[in-house]
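**Q** here is my input; please provide its structure:
(one chain, ligands or ions: 1)
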Amino acid sequence: MADNRWRPALPTDLARIAEWIGTARALERWAGPGLSWPTDGAKLWREIDGGSLLSFCLVTGSEPLAFGQLVVKGERHYHLARIIVSPSRRRQGLGEALCRQLLDEARQRRAERVTLNVFADNRAAIDLYRRLGFTDCGSADSRGIRPMQLRQFAANVDNDVP
Ligand SMILES: CC(C)(COP(=O)(O)OP(=O)(O)OC[C@H]1O[C@@H](n2cnc3c(N)ncnc32)[C@H](O)[C@@H]1OP(=O)(O)O)[C@@H](O)C(=O)NCCC(=O)NCCS
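**A** Coordinates of the predicted model:
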């Protein structure tokens, strides 16, 4: 862990990340509906707006270990998206480290509300998000996607929550 670095993601990182995704279903669970399958690095970079969204990697040397994005949803409202860890490195704390780095990025940008969406049957991701303090903030939609938010950010804007 000590050798891992945090940096903005590069288009070339997505070639490796595309290799982590084995099926159309896995792609949808990671990145949401609407992406093309089969995929590759260049396609992924384009379709997840890698160039315009805030996109980050945890890396060892030049090798990506984990990837995630921050989406600006409104004034001081940030959304965690496309969280993924290399399949060979899961259950080693990297998902948690990745999310904590993304939350730091949001905090540096003075976020007051942090949200995310997750498929309601994605046990690994939901357990990780709960461990970080995220709670449900609505029921799953017709595709099974559930919204969550982080309390300590949301607490600052109680009167802003619909
Ligand atoms: C979800 C994901 C990012 C977790 O990454 P990770 O590096 O394995 O997570 P961590 O090692 O930091 O785990 C932290 C905690 O999350 C929970 N967790 C992680 N994987 C889990 C699993 N397979 N089953 C149950 N709980 C799990 C546990 O509480 C874990 O703590 P523990 O290992 O002490 O029990 C990873 O499984 C992944 O990339 N999944 C595919 C992409 C995806 O579904 N992304 C989420 C989109 S919303």
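**Q** state the distance from residue 49 to the ligand.
**A** 16 Å (Cβ to the nearest ligand atom, to the nearest Å). C-beta: built from backbone N, CA, C; applies to glycine.
**Q** what's the burial count for residue 105?
**A** Counted by other Cβ atoms under 10 Å, the residues lying close to residue 105 total 17.
**Q** ok so it is a strand residue?
**A** No: using DSSP: H, G, I helix; E, B strand; the rest coil, the secondary structure at residue 105 is helix, not a strand.
**Q** which parts of the helix or strand in which residue 98 is found are buried?
**A** Per DSSP states H and E, residue 98 falls inside helix 94-108. In terms of neighbour count (16 or more other Cβ atoms under 10 Å), helix 94-108 has its buried residues at 94, 95, 97, 98, 99, 101, 102, 103, 105, 106.
**Q** following it, which helix or strand comes up?
**A** Following helix 94-108 in sequence order, the next helix or strand is strand 113-119 (DSSP H and E).
**Q** just checking, what packs against that next one?
**A** strand 63-74, strand 77-85, helix 123-131, strand 145-150, helix 151-154 (3 or more Cβ pairs under 8 Å, 6 or more residues apart in numbering; DSSP states H and E).
**Q** nice, that's everything, thank you.
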